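S.K.: Need a 3D model of the sequence below.
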Amino acid sequence: MAIHPTAVVSSEAQIDPSADIGPFAVIDGPVRIGPRTRVFPNAYLAGWTEIGADCEIHPNAVVGHVPQDFHFGGERSYCRIGDGTIVREGASVHRGTQPESWTIVGPRCFLLASSHVGHNCVLGESVKVYNCAALSGHVEVGDFAIVSGYSLTHQFVRIGAYCMIGGGARLTMDIPPYMSAVGETEVYGYNSIGLRRSGAFSRDEILDVKTAYRTLYRSGLPFRQAVDQLAGLVRTRTGRQILEFVRAESRRGIAGGAGSAAGAAQED
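M.R.: Now for the predicted structure:
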């Protein structure tokens with residue numbers, strides 16, 4: 001185990017022998033750090049936080065600190081960082097705000113400099129949150145989604161798998177899987193480039209995404225009618241995922257697009 005003599009490490013911490021803790025890093029409380037993880041100088045890890053294997057926590061990153069919630073009373077809550085995740089300079093991930101609740105960042109995520117993951121967020125696998133993007137409390141982000149720099153996401157918003165969120169976007173409603181969103185919560189297309197580049201989808205699966213986009217955002221139908229029509233059109237897992245997402249309970253409603261009725265989903 002390589003722990004620099006200037007690092008401050010709690011006696012409660014559990015650190016794998018192969019982990020590396022850099023100068024002036026602070027490990028405050030019962031933090032657990034997995035194999036081959038590197039904690040860079042001046043990083044701060046706190047509370048009931050679990051850091052997986054092969055992670056990187058860069059200078060001035062803050063992981064597992066108390067949530068930014070006026071109602072938080074110091075209750076025990078948790079934070080988990082999945083294997084292979086990189087947390088860059090100045091990024092922050094806060095632990096849950098309700099007693100025994102979790103903030104979870106999945107495996108192989110990439111949180112770029114000065115990004116923020118708020119309390120009780122749940123990020124799937126290989127999510128990328130770019131510089132200065134902020135996810136408010138209780139946001140859910142699906143696998144392989146990209147949240148571009150300087151974007152802001154309201155509490156309880158859901159962002160589906162493989163979504164592409166444009167730089168500076170302000171999201172106040174849910175973005176269905178595989179869609180692209182920009183500006184004031186506007187879905188402007190589906191993530192065709194991302195789907196093709198991933199190599200994970202067949203031609204039929206990509207066509208199903210295209211069908212879902214056209215039905216929900218270009219048909220001109222009221223949202224519920226568009227969802228009912230989509231139910232009869234989907235043929236693959238991607239189409240079914242979109243259908244399940246828009247039918248699921250939503251705190252914020254489904255985002256609209258130019259010429260669509262989806263934005264009225266919560267009032268429909």
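
S.K.: Local confidence estimate at residue 234?
M.R.: At residue 234, the model reports a pLDDT of 96.

S.K.: Check the closest residue in space to residue 52 that isn't next to it in sequence and give its pLDDT.
M.R.: Closest residue in space to residue 52, ignoring its immediate chain neighbours: residue 83 at 3.8 Å, by CB to CB, 6 or more residues apart in numbering. From N, CA and C alone the C-beta is placed, and that goes for glycine too. Predicted confidence (pLDDT) for residue 83: 99.

S.K.: Any idea how many residues pack against residue 83?
M.R.: Neighbours of residue 83 under the rule other CB atoms under 10 Å: 17.

S.K.: try residue 100
M.R.: Residue 100, neighbours per other CB under 10 Å, totals 10.

S.K.: before we move on, what SS does it have?
M.R.: Using DSSP: H, G, I helix; E, B strand; the rest coil, the structure places residue 100 in coil.

S.K.: Heading C-terminal from the longest helix along the chain, find the next helix or strand.
M.R.: If you go by DSSP state H, the chain has its longest helix at helix 203-217. Downstream of helix 203-217, the next assigned helix or strand under DSSP states H and E is helix 223-231.

S.K.: rewinding a little: could you measure from the residue nearest to residue 52 over to residue 9?
M.R.: According to CB to CB, to the nearest Å, residue 83 and residue 9 sit 22 Å apart.

S.K.: Residue 181 too?
M.R.: Per CB to CB, residue 181 is found 42 Å from residue 9.

S.K.: Look at these two and report which has more neighbours.
M.R.: Set side by side, residue 181 and residue 9 show more neighbours around residue 181, with 28 against 18, by other CB under 10 Å.

S.K.: what are the phi and psi angles of the more buried one?
M.R.: With angles defined as degrees, to the nearest 10, residue 181 sits at phi -130, psi 150.

S.K.: Flag the shaky bits of the stretch 101-250 of the chain, pLDDT-wise.
M.R.: Low-confidence segments of the stretch 101-250 of the chain (pLDDT under 70): none present.

S.K.: Which residue ranges of it form helices?
M.R.: For the stretch 101-250 of the chain, the helices defined by DSSP state H, counting those that start in this stretch occupy 192-198, 203-217, 223-231, 237-247.

S.K.: Dump the ones you listed into TSV; add distance to residue 257 and mean neighbour count as well.
M.R.: Converted to TSV, the helices of the stretch 101-250 of the chain look like this (distance: least, CB to CB, whole Å; neighbours: other CB atoms under 10 Å):
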stretch	distance to residue 257	mean neighbour count
helix 192-198	15	14
helix 203-217	4	20
helix 223-231	11	17
helix 237-247	13	20
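
S.K.: so residue 155 touches residue 140, yeah?
M.R.: No: taking contacts as CB atoms under 8 Å, residue 155 lies outside contact range of residue 140: 11.0 Å.

S.K.: For the residue nearest to residue 52, which three-state class applies?
M.R.: coil.

S.K.: just checking, residue 112 touches residue 150?
M.R.: No: look at residue 112 against residue 150 with CB under 8 Å: they stay out of range, at 11.1 Å.

S.K.: so what's in contact with these two at the same time?
M.R.: Residues touching both residue 112 and residue 150 (CB atoms under 8 Å, 6 or more residues apart in numbering): 131, 133.

S.K.: neighbour-wise, which of these two wins?
M.R.: Remark: of residue 112 and residue 150, residue 112 carries more neighbours, 21 against 16, as counted by other CB under 10 Å.

S.K.: chain center to stretch 19-38, what's the gap?
M.R.: With CA atoms, centre = their mean, to the nearest Å as the basis, stretch 19-38 stands 23 Å off its chain's centre.
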